[in-house]
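Novice: what's the 3D shape of this:
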Amino acid sequence: MPKEIIKAYCEERLIIFAGAAISTEGTLPFPVTLYEDVKQSLNIKTNLPFDQMMEKFVYRFGRKKLLKVIFDKIDYIKSFNDIYGFSTEFHRELSKLHYIRNIITTNWDSFFEEYCSAIPVVERYDLKLVELNQRFVYKLHGSINFPRSMIITFHDTLQNKKKLTSGSFFSHLKKMFESNLILFIGYSFRDDDINTLLSRIKKINGYIINKSNVKQKFLSSKKWIKTDANHFIHRLNLELTKKGYLLSENLLNQMYPTLKTTLNIHHNKTSSISHKKQPTILFSLAYQDGLIHAYQRVILKYKTGEYLNPHIHVLFAKYFDIRITKCEQNKFLDVAYIDGYLNGLNSYLTGKKPQSYFYIYDYKKPIKNIKILLKKINSQKIINKNAYKHVLEYSKKIHASIVYQHTPFLF
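Specialist: Numbering: from 1, shown residues only. I've put the predicted structure just below:
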């Protein structure tokens with residue numbers, strides 16, 4: 001793996017330009033392409049440029065029918081796990097790379113949005129969104145979610161050429177191409193509108209990742225990595241993990257059984273104890289909510305790669321500061337929740353079970369099971385008086401049948 005690519009990733013300067021070879025338009029999921037389907041329907045023997053072939057189909061059968069053919073192909077893929085998994089393998093691998101913040105594609109499908117949590121940029125007014133600290137996918141040929149935006153025919157290409165090479169859209173793309181390292185993955189450089197755009201950009205530094213070399217005259221130096229898209233992105237992930245720029249996804253896999261165990265303890269053991277009889281049980285409920293929310297967030301944010309980024313350690317300092325404030329405010333249930341959340345994050349990063357599933361405010365030792373918890377609560381010797389007063393007052397405010405739940409908000 002070239003050091004230049006690793007360096008660009010770490011500096012958040014690596015951009016993916018994804019072509020048809022990693023989409024439903026290529027030959028990966030289907031034995032024949034959309035182009036070949038259309039060509040056969042028209043009974044044409046000669047090869048024409050893609051957009052001209054589509055133009056002829058629309059002229060004979062109408063745009064509505066062409067859109068139906070495209071939608072049906074994507075729906076078919078989504079209805080079979082095998083081909084759906086194969087079609088989205090690249091997207092799932094890419095999702096782990098948190099520092100890839102911008103993706104450019106000519107593909108219509110919504111797999112980057114679904115699997116990488118990328119916000120689509122389709123029209124000029126979408127550029128207002130890029131100020132947000134999010135991952136974006138620039139859909140240069142439109143999106144299936146916005147059928148009117150789809151660039152399919154020769155007429156569409158002419159209109160799109162004007163859009164891509166003028167005004168704010170061109171200025172933004174030009175800056176992206178000139179100041180970043182571009183990986184052209186599975187792209188053939190056969191689109192006239194895209195070639196016109198690239199020809200108007202003075203310097204493009206990047207690599208072509210493709211099994212076969214493609215003719216192009218836009219990159220400032222010829223850099224070709226002979227491999228397929230899925231293999232390349234997988235190797236990049238392995239290299240970044242090896243160098244410590246990416247956490248192992250095995251950490252994430254361990255979250256599922258740990259979350260399941262925590263939920264079981266929370267719902268079947270801790271929640272069964274009456275807070276009216278044992279107000280201090282509210283601390284364990286709040287603490288376990290923190291654990292659960294930490295695990296759930298790690299799992300749900302997987303698509304962004306956020307929790308595979310080694311820099312998530314900075315979250316600890318943030319939550320420790322909040323914890324100090326909550327202690328000063330005597331908001332002891334918030335402190336219990338924060339301790340649970342921090343323990344959950346630590347559990348994720350170390351790949352181990354949480355130090356304790358139960359909690360008493362100001363008690364430092366791990367509490368292994370609910371019998372020990374109740375024994376410590378009943379002893380009354382270790383309970384902070386102010387903390388006990390806090391949960392006692394809180395217990396009086398809620399009905400005996402209600403199980404306390406701490407929300408993921410710290411006001």
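Novice: and the closest residue to His172 other than its chain neighbours, how close does it get to Ser168?
Specialist: Among residues not flanking His172 along the chain, Leu127 sits closest, at 5.7 Å (Cβ to Cβ, 6 or more residues apart in numbering). Where you see a C-beta, it was placed from the backbone N, CA and C, and this is true even at glycine. From Leu127 over to Ser168 the distance is 6 Å, taken as Cβ to Cβ, to the nearest Å.
Novice: the two: which has the busier surroundings?
Specialist: More crowded of Leu127 and Ser168, by other Cβ atoms under 10 Å: Leu127, with 17 against 11.
Novice: mind checking the SS state of that one?
Specialist: What DSSP: H, G, I helix; E, B strand; the rest coil gives for Leu127 is helix.
Novice: ok, it - contacts?
Specialist: Leu127 is in contact with Val121, Ser168, Phe169, His172, counting by Cβ atoms under 8 Å, 6 or more residues apart in numbering.
Novice: so of these, which two are at opposite extremes in space?
Specialist: Based on Cβ to Cβ, the longest span within the contacts of Leu127 runs between Val121 and Ser168 and measures 11.5 Å.
Novice: number of nearby residues for Lys215?
Specialist: Lys215: 7 neighbours (other Cβ under 10 Å).
Novice: dihedrals phi and psi, the residue nearest to it when sequence neighbours are not counted?
Specialist: Counting by Cβ to Cβ, 6+ apart, the nearest residue to Lys215 once its immediate chain neighbours are dropped is Phe189, at 6.7 Å. Main-chain torsions, Phe189, degrees, to the nearest 10: phi 60, psi 40.
Novice: go on, Leu181?
Specialist: The phi/psi pair for Leu181 (degrees, to the nearest 10) reads phi -100, psi 120.
Novice: so the nearest residue to it once chain neighbours are set aside, which of the three states?
Specialist: In space, and not counting its chain neighbours, Leu181 is closest to Ala8: 3.8 Å by Cβ to Cβ, 6+ apart. For Ala8, the assignment made with three-state DSSP gives helix.
Novice: quick one on the thing from earlier: number of nearby residues for the residue nearest to Lys215?
Specialist: Other residues near Phe189 number 17, with proximity taken as other Cβ under 10 Å.
Novice: and if you look at Lys368?
Specialist: Residues near Lys368, counting by other Cβ under 10 Å: 12.
Novice: could I get the contacting residues of it?
Specialist: Counted by Cβ under 8 Å, 6+ apart, Lys368 has contacts Ser356, Phe358.
Novice: look up how far Tyr59 lies from it.
Specialist: 74 Å.
Novice: would you list every one of the helices in the stretch 101-250 of the chain?
Specialist: For the stretch 101-250 of the chain, the helices defined by DSSP state H, counting those that start in this stretch cover 111-116, 154-164, 167-179, 192-199, 229-242, 250-253.
Novice: out of these, which gets nearest to Phe90?
Specialist: Proximity to Phe90 (Cβ to Cβ) singles out helix 229-242 among the helices of the stretch 101-250 of the chain, at 5.0 Å.
Novice: what is the rounded mean pLDDT of the closest one?
Specialist: What helix 229-242 shows for mean pLDDT is 94.
Novice: just the CA atoms of that helix, as CSV, please.
Specialist: Coordinates of each C-alpha in helix 229-242 appear next as CSV, following Å, rounded to 0.1, in the frame of the first residue of the first chain:
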residue,chain,number,x,y,z
ALA,A,229,-12.2,-2.5,-5.6
ASN,A,230,-13.1,-4.9,-2.8
HIS,A,231,-9.6,-6.3,-2.4
PHE,A,232,-8.1,-2.9,-2.4
ILE,A,233,-10.3,-1.4,0.3
HIS,A,234,-9.9,-4.5,2.4
ARG,A,235,-6.1,-4.3,2.2
LEU,A,236,-6.3,-0.6,3.0
ASN,A,237,-8.3,-1.4,6.2
LEU,A,238,-5.8,-4.1,7.2
GLU,A,239,-2.8,-1.8,6.7
LEU,A,240,-4.4,1.0,8.7
THR,A,241,-5.2,-1.4,11.5
LYS,A,242,-1.7,-2.8,11.5
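Novice: what is the burial count for Tyr295?
Specialist: Other residues close to Tyr295 by other Cβ under 10 Å number 25.
Novice: burial of the nearest residue to it once chain neighbours are set aside, as a residue count?
Specialist: Closest residue to Tyr295 apart from its sequence neighbours, by Cβ to Cβ, 6+ apart: Leu259 at 4.1 Å. If you count neighbours by other Cβ under 10 Å, Leu259 ends up with 18.
Novice: ditto for Lys269
Specialist: 16.
Novice: for Val130, see how far away the residue nearest to Leu181 is.
Specialist: 19 Å.
Novice: touching stretch 160-180 from outside, list them.
Specialist: Contacts for stretch 160-180 (Cβ under 8 Å, 6+ apart): 8, 13-15, 102, 104, 124, 127, 130, 138, 140-141, 151, 192-194, 196-198, 200-205.
Novice: which secondary structure state does Phe30 sit in?
Specialist: coil.
Novice: nearest spatial neighbour of it, chain-adjacent residues omitted?
Specialist: That would be Lys73: by Cβ to Cβ, 6+ apart, it lies 6.9 Å from Phe30.
Novice: so the one you found touches Leu34, yeah?
Specialist: Yes: here Lys73 reaches Leu34: they are 6.5 Å apart, a contact under Cβ atoms under 8 Å.
Novice: between the two, tell me which one has more neighbours.
Specialist: Leu34 (23 against 17).
Novice: tell me the pLDDT of that one.
Specialist: pLDDT, read off for Leu34, is 90.
Novice: do you know how far it is from Ile74?
Specialist: Counting by Cβ to Cβ - Leu34 and Ile74 are separated by 10 Å.
Novice: show me what contacts the nearest residue to Tyr361 once chain neighbours are set aside?
Specialist: The shortest distance from Tyr361 to any non-neighbouring residue, by Cβ to Cβ, 6+ apart, is to Ala387 (4.0 Å). Contacts for Ala387 (Cβ under 8 Å, 6+ apart) come out as Phe283, Phe332, Tyr361, Asp362.
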